[in-house]
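K.L.:
sequence unavailable; structure follows:
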């Protein structure tokens, strides 16, 4: 079973439960979903990266965008701080990926348990 399918199913279950709770008069589903929908964007790349047991640049950027949208919707900070933080995070992630690629290209691959990750003998 693919992690993305599980996440999509879990999001649909959550939306359905919000609908049932709204019908029962417990919560206002439109307000709840309107405030928390960015969690679906945050969770998807996190689940995918956890399933693959590795962090990807695209996944990190997608999670950062989702967190930024969540902070914006929840009004946790001013718009300028939120979007500036996103720009800085994405810039750092891109720079880290470039450094990592350069190290691998130069033969300085990270070591995992004493064995180079790229499979070369020490």
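P.N.:
Received, thanks. From a predicted model like this one, the values you see are computed outputs, not experimental measurements.
K.L.:
would you map the helices across this protein?
P.N.:
3-23, 29-36, 38-52, 57-74, 79-105 (DSSP state H).
K.L.:
so who does the residue nearest in space to the middle of the chain touch?
P.N.:
The centroid of the chain falls nearest to residue 63 when counting by Cα atoms, centre = their mean (2.4 Å). By Cβ atoms under 8 Å, 6 or more residues apart in numbering, the residues touching residue 63 are 41-42, 45-46. Where C-beta positions appear, they are placed from N, C-alpha and C, glycine not excepted.
K.L.:
for residue 8, same thing?
P.N.:
Going by Cβ under 8 Å, 6+ apart, the list of residues near residue 8 reads residue 44.
K.L.:
that one and residue 47: what is the separation?
P.N.:
Look at residue 8 and residue 47: by Cβ to Cβ, to the nearest Å, they are 10 Å apart.
K.L.:
now residue 81
P.N.:
Distance of residue 81 to residue 47, given as Cβ to Cβ: 28 Å.
K.L.:
more crowded one of the two?
P.N.:
Each of residue 81 and residue 47 has its neighbours counted (other Cβ atoms under 10 Å); residue 47 has more, 19 against 11.
K.L.:
now that one: how far from residue 89?
P.N.:
20 Å.
K.L.:
can you pull out the low-pLDDT segments for the protein?
P.N.:
1, 79, 108-122 (pLDDT under 70).
K.L.:
if we go to 50?
P.N.:
122 (pLDDT under 50).
K.L.:
for the residue nearest to residue 45 when sequence neighbours are not counted, list the residues it contacts.
P.N.:
Take residue 45 and drop its neighbours on the chain: the residue closest to it by Cβ to Cβ, 6 or more residues apart in numbering is residue 59, 3.7 Å away. By Cβ under 8 Å, 6+ apart, residue 59 lies in contact with 45-46, 48-49.
K.L.:
quick check: the closest residue to residue 15 other than its chain neighbours vs residue 40, distance?
P.N.:
Once flanking residues are discounted, residue 15 sits nearest to residue 33: 6.6 Å by Cβ to Cβ, 6+ apart. Plainly put, residue 33 is 10 Å away from residue 40 if you go by Cβ to Cβ.
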